[in-house]
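Undergrad: okay, predicted coordinates and the sequence, questions at the end:
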Amino acid sequence: MPANDGAHRFSDCLSESGLDGADAQRVYRYMLLARAISEKSWLLTRQGRVLFSMPCDGQEAADVASAYALDTANDFIVPYARSLGAMLVKGMTTQEVMLNMFGKAADPNGGGRQMPMHWGYKQLGIISMGSSVGTTLPRASGVALASKLKGQNAVTMVYFGEGSASEGDFHEGLAFAGVHRLPVVFFCNNNGWATSVPVNLQSAEPQIAKRAEGYGFPGITVDGLDPLAVYQAVRETVARARSGDGPSLVEATTIRMMPHSSSDDHLRYRTPEELAAERELDPLPRFRDILLSAELLDGESEQALRDAVDQEVESAIEFADAAPSPPPESALNGVYAP
C-alpha cells in the first residue's frame, strides 16, 4: 500500500477517534515510557534492588489511551498494580514512580510504606489501592457518589483485571453504581489470565462486558491493543458519565507478555509457543508502524524518542536509588490517629 494511502487511512481513524496527530504522538510516548519503566523495574527486582514489580508489558495501549480520555486535572482514577500507563498520563513523573519502586521517603504513593506499583496520589486524584483483588470496584463507586453529591462534575475511572470480575466486590461495585446512576467507568483489562487461572476457568461467558446489562448500563468490548479504538470507546463512556447518564463497563482485550509479577513463573502454566505468539501482537510496534506510515514519525525521530525515554528512566533510577529512605520512627505514621 502506498505511504499516502496509509496516511489517509490513519487520518480517518484519528478523526473518528477524536485524537489529532500531536495527541497520537503523545500517546505513543506514554506507551514507550510505560514499557521502559516496566522493563527496568523487572530488571531491578532480578538485581535485588527493589522488592517487587508487576509488569504492564502488552497493556500500554489500553491504559494510556483510556486515561488520555479523562479530564486529568479533575477526574479520579482508582488504579490497580498494572495501571502504570494511566498513572503517567494522570501526571505521575518517572522519578515519582521510581521513588515508589525503591520505597523511598519522598514516594508520593505512601512515603516508602506502600508496596511497589501500589498507587495512590491524593494531589493527582489517584485513589490509593490495595492488594486485595476486586476491592477497588466498590470504592470507585463510593468516590463517584461523593463527587456527585459534591457537584464536582468529575468522572471516576476504575481499572481492574478480569480476575477481579470473579470476586463479589465486582457485583457490589457495579450494582451500587447502576442503582444510583453514578459517574463511573469500569475499565476491565482482560488479558485472559488471573495470575495462573485462564479465563475459561473463571467464567463460562468469557466476555466480561456482557455482564453490564444485568446492572442496567452499557458494556463495550474493545481491542485493547489499539489505542485509537480504546480512546474512542472511553471518550464516549466518559461523556456519558459526565452528562449524568450513569456508568459504563469497558472491557479491553489485551495480552500479558510477562509473568503475573516478579513472584511468578508463567512457564509453569504457559507454553513458550503461546508466549511467542502473543509477542507478535505487541501494541508498541503495531502503533509505531501506523505512525510511520502516517508520517507522524520517521526512523530518526523514533530513535530519538526511544533514546530520550531510556535516559529519562535511567536518570529516575539514579535519583530514586540515592534518595533517603523513610526513618524507622515514621513506620507508624498514619496508622493511629493523633
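TA: Received the coordinates, thanks. Residues are numbered from 1 along each chain as shown.

Undergrad: any idea how far residue 287 is from residue 19?
TA: Per Cβ to Cβ, to the nearest Å, residue 19 is found 12 Å from residue 287. C-beta here means a position set from N, CA and C on the backbone, and glycine is covered the same way.

Undergrad: intersection of neighbour lists for the two?
TA: residue 27 (Cβ atoms under 8 Å, 6 or more residues apart in numbering).

Undergrad: so which residues of the stretch 51-200 of the chain form strands?
TA: When assigned using DSSP state E, counting those that start in this stretch, the strands of the stretch 51-200 of the chain occupy the ranges 76-78, 156-161, 184-190, 193-194, 197-198.

Undergrad: quote the end-to-end distance of stretch 82-97.
TA: Stretch 82-97 has an end-to-end distance of 13 Å (criterion: Cα to Cα, to the nearest Å).

Undergrad: quick one: mean pLDDT for that stretch?
TA: The pLDDT scores in stretch 82-97 average 98.

Undergrad: buried set for stretch 267-284?
TA: 270, 275, 278, 282, 283, 284 (16 or more other Cβ atoms under 10 Å).

Undergrad: contacting residues around stretch 110-120?
TA: 41, 50-54, 79, 81-84, 87, 92, 99-101, 103-105, 107, 109, 126-131, 325-326, 330-331, 333-334.

Undergrad: on that earlier part again, what's the closest of the buried residues of stretch 267-284 to residue 75?
TA: Each of these was checked against residue 75 using Cβ to Cβ; the closest is residue 283, at 23.5 Å.

Undergrad: quick check: that closest one touching residue 60?
TA: Yes: in this structure residue 283 lies within contact range of residue 60 using Cβ atoms under 8 Å: 6.1 Å.

Undergrad: tell me, how many residues neighbour the nearest residue to residue 33 once chain neighbours are set aside?
TA: In this structure, residue 33 finds its nearest non-sequential neighbour in residue 309, 5.2 Å apart by Cβ to Cβ, 6 or more residues apart in numbering. Residues within reach of residue 309, counting by other Cβ atoms under 10 Å, total 20.

Undergrad: need the buried residues of stretch 267-284 in TSV (columns: distance to residue 302).
TA: Below are the buried residues of stretch 267-284 laid out as TSV (distance: Cβ to Cβ, whole Å):
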residue	distance to residue 302
270	31
275	26
278	23
282	15
283	15
284	11
